[in-house]
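Peer 1: Compute the structure for the input listed below.
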Amino acid sequence: MPDDDFKPRLGSKRGKDGKKVVKYGGRILAATRLAGTKTGVRSRRFDGSRIGRGASMGRLLSSRDRLAGFRGRRAVVKASLIRLQGKAGQVARAHMRYIQRDGVTREGLPGELYGPETDRADGADFLKRTAGDRHQFRFIVSAEDGGQYPDLRPYVRRLMTQVEQDLGTRLDWVAVDHFNTERPHTHIVLRGVDDRGDNLIIAREYIAHGLRERASELVTLDLGPRTDQEIEARLRHDVDQERLTAIDRRLLRRMDGEREVSAADNDPLQQSVAAGRLRKLKAMDLAEDIGGGRYRLAEGLEDTLRRMGERGDIVRLMQRELTARRLDRAGVEQVVSTTLSEPIIGRVIHRGFSDEHRDRHYLMIDGTDGRVHYIDVGRGDGTPSVPEGATVRIEPTRLSAIQADRTVAAIARTNGGRYSVDLHLAHDPNASEAFATSHVRRLEALRRAGAGPERLVDGSWTIADDHLAKAEALAQRQQRDRPVTLSVLSRTPVAELPSRDAPTWLDREIEGAVHAPRDVGFGREVRTALAARRQWLIEQQLATGVRRTFRMRDGAVEALRERELRGAAASLADRLGKPFEPARMGERIEGVIAQRLDLESGSYAVVERSRDFTLVPWRDVLERNIGKAASGIIRADGISWQFGRGRSGPAIS
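Peer 2: Predicted coordinates for the structure are as follows:
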C-alpha cells in the first residue's frame, strides 16, 4: 500500500475492563493542574527569567541571598540591555563619550577606559567590534565600601572573570571607574555576543541576583566580613534616618495582616534598634502606638520612606552645588519638582544625572520666583544642552493623542479598519490632499514608534480598533521621556544684559510684565537688571517714561534686532573675508550652510555663497546639514529647504 494512501484513525483507547484509558497528554495536563494554583498549591508561573546562560547559578545565588545575614558587605548592580538598532550607533558613541567625560576620576580628570587585559582600552575599536551586534549589556557596579579600594580595576576584572565562569563563555567588555559621587562606581559595557559569535543571552535571574551576589562576595573577601562594631554602628545610624532602611524592611517582613508589629526580638541589639526605629516612625506619623509594645505601620510606608530618602539626597545635592558655586541662598526655599505644574524662568545652576542607568537628567534652576528648583527633565536627548549661567524658561509638556489620531480612527471605523488618502477625501470632501497627507505622516511616525498601524502595499493602512489607545499610550511614554519643554532666553549673564545693544528677554519682561521677579535670590538680580535696562533704553531714545508709565517706542525691538544683526555680520565679514548681504522676503537663497550663530534675538544660520554670505533664521533640521549646499525661498511662514547640489527631492519646511 503506498504511503500516500495511509490514513490513520485515532480513537479512545480502552483497557481490558472496557474503561477509557487516559492518554499520555491528558496525564500531563492533569499533573500540571495538580501542581497549579487550582488545588491551592502555589507554583511559579513561567516568566522567562531562567532562559539563557547563568540560570542555574542565578537560582542558587538568589536562594543564598535570602538566607544571607548582616555579615556580608553589600554591593549594588544596575543592569540594562540595549538594542543596537536604528540610531543605536550614535547612542552607543554618546554613551562611550559620557562614561569617559571630564571630572569623574579622583583627580577630576576624564574617565579612563580599560578592559580585561589593558589599562587603556580603545573605545573606537570597541565600537567597531560591536557594529554588527544585536544588543549590548550595560552595568553599573557600586560596592558599599568601594571607597576603601585604592584602585577598582582589579576588583572589576575579578568580578567579570567570575561572571565568565558562571556563564560558561569568554566576554568582551570595557569599563570606566567613576569617583564623582558619594560612592565610587564602575560603568561596564559588555558586548552581546559569546565567544563563538552567537547572541549572548543572560538569564534574568542571573542579572537580578547573580551579579549582585558575586560583587558582594568579592568585596567581602577583599575587605573582610563586617565586624560587630560596624554592624551596630550602621544599625544605630539608621534608626533616625528619614529614608527606607534595613530596619524598616525587617519590620515590614515581621508585621501581621493588620500591619501590626512588635520590637520584641531574641537579639538584644535587634530589639533595641527596632524599638528606636518604631519611635522614630511614630514621630514621623508613619506608625501608631497601639499599646503593649505593639505598633501599627502606616499604609504605603515603604514607598513613603523611599520618596523621603530620594528627596533628602536631592536636597543635599542642591546644597553641595550651591556651596561649590558660592551662591548664598540661605533662607531661600528649595523646591524638588519631579513633575512641573507651571512655567519657571531662571538661571541654570547645574545639569546632571538623576538616573545614570536610564539616562534621566535633572536641572537645578535659580528661579526669578526667589526659589531654587530641582527639576526632572527626562531623557538626556529630550532637552537641549545649555551652559551653566544661561537663563531659560521651562514649562510642563502636555502630550496626548492628537486630533489626527481621532480622525484616522473615525475614517477606519466606517471603512472596515482601513485608512488612505482617498478614503479620507471621500469621508471629508472639504479636506485638501495636503491635509490628508499630513495624517499619513502621523501614521508613519506611529508605525516607527511601534504604536500599531500597518502600511499595506497599495499605500493604505490597517488601523486597529484600539488605535486611539495605542496613540495615547505612546504619548504617555513620550511624556515620561520629555516631561518639560526648555527654551533658552539668553546665554549671556543677566548682569551684562542692561546695556546689550540687542533685543533681550528683559525687554519682553518690561513690555509684558507677566513674571514679576521676587526681591530675593536670582529674582533680586533680575529686578536690578530690569531697572538698569529701562534707564539704558530711555538713554538710547528707544523708550519713554519711568516705571508704571514706561513704554517702549514703536519699532524699538526691531531697531535693536537690526543693530545686533549688523554688528554680528560685520564681525563675520572680517573672519570670512566676504561682505554681508541681508536676506529679503521672497528672495531665493542658495549657498552652503556654514555654521549656527546664537544671538540675543535668536539663532541664525550662516549661509555662505561664492561672493558674500547672509543670515537666515535657524531650524533644527539644519544641524545635520551643516557644510552642505542648500536652497530655499524666504516666505512669511519660513523657508522650504532643499539640500544637495542637485537640489532634487522633497523640500523640508
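Peer 1: Secondary structure of Glu205: a helix, I assume?
Peer 2: Yes - membership of Glu205 in a helix is supported by DSSP: H, G, I helix; E, B strand; the rest coil.
Peer 1: Quick check: it vs Lys282, distance?
Peer 2: 39 Å (CB to CB, to the nearest Å). Using the backbone N, CA and C atoms, a C-beta is placed for each residue, glycine as well.
Peer 1: Between these two, which is the more surrounded one?
Peer 2: Shown here are Glu205 and Lys282; by other CB atoms under 10 Å, Glu205 has more neighbours (23 against 14).
Peer 1: Quick check: the more buried one touching Leu60?
Peer 2: No - distance between Glu205 and Leu60: 9.7 Å, which falls outside the contact criterion (CB atoms under 8 Å).
Peer 1: Tell me how many other residues surround Gly147.
Peer 2: Using other CB under 10 Å, Gly147 has 13 neighbouring residues.
Peer 1: Helix, strand or coil: sort out the nearest residue to Leu152 once chain neighbours are set aside for me.
Peer 2: Once flanking residues are discounted, Leu152 sits nearest to Asp177: 4.6 Å by CB to CB, 6 or more residues apart in numbering. Secondary structure assignment for Asp177 (three-state DSSP): strand.
Peer 1: hang on, Asp177 packs against Leu109?
Peer 2: No - counting by CB under 8 Å, Asp177 sits too far from Leu109 to count as a contact (11.6 Å).
Peer 1: ok so Glu310 is a strand residue?
Peer 2: No - looking at Glu310 with three-state DSSP, it is helix, so not inside a strand.
Peer 1: shaky segments in the stretch 551-653 of the chain?
Peer 2: 645-653 (pLDDT under 70).
Peer 1: So which residues of it form strands?
Peer 2: Taking DSSP state E, counting those that start in this stretch as the test, the strands found in the stretch 551-653 of the chain are 551-552, 588-599, 602-608, 613-617, 629-635, 638-639, 642-643.
Peer 1: Flag every buried residue along the third one.
Peer 2: Meaning strand 602-608. 604-608 (16 or more other CB atoms under 10 Å).
Peer 1: for stretch 300-315, same thing?
Peer 2: 301, 305, 308, 314.
Peer 1: is it possible to export these to TSV including pLDDT?
Peer 2: Converted to TSV, the buried residues of stretch 300-315 look like this (pLDDT from 0 to 100):
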residue	pLDDT
Leu301	94
Leu305	94
Met308	92
Ile314	88
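Peer 1: Go through the residues you listed and flag which are in helices.
Peer 2: 301, 305, 308, 314 (DSSP state H).
Peer 1: May I see these arranged in CSV, with distance to Asp598 as well?
Peer 2: As requested, these are exported to CSV (distance: CB to CB, whole Å):
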residue, distance to Asp598
Leu301, 50
Leu305, 45
Met308, 41
Ile314, 31
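Peer 1: which one among the buried residues of stretch 300-315 gets closest to Ser487?
Peer 2: Checking those against Ser487 with CB to CB, the nearest one is Ile314 at 24.2 Å.
Peer 1: How about the contacts made by that closest one?
Peer 2: 336, 374 (CB atoms under 8 Å, 6 or more residues apart in numbering).
Peer 1: which residues make contact with the helix or strand containing Ala469 from outside it?
Peer 2: Here Ala469, judged by DSSP states H and E, is contained in helix 467-481. With CB under 8 Å, 6+ apart as the test, helix 467-481 has contacts from 378-379, 382, 397, 399-402, 405-406, 408-409, 412, 446, 449, 451-453, 464.
Peer 1: Show the subsequent helix or strand relative to it.
Peer 2: Following helix 467-481 in sequence order, the next helix or strand is strand 484-490 (DSSP H and E).
Peer 1: elements contacting that following strand?
Peer 2: Judged by 3 or more CB pairs under 8 Å, 6 or more residues apart in numbering; DSSP states H and E, the packing partners of strand 484-490 are strand 372-379, strand 391-396.
Peer 1: Within its sheet, name the partner strands of the longest one and how each one runs.
Peer 2: In this case it means strand 372-379. strand 334-337 (parallel), strand 360-367 (antiparallel) (DSSP bridges).
Peer 1: Next up, the contacts around Asn199.
Peer 2: Counting by CB under 8 Å, 6+ apart, Asn199 has contacts 134-135, 192-193.
Peer 1: With that, I have no additional questions.
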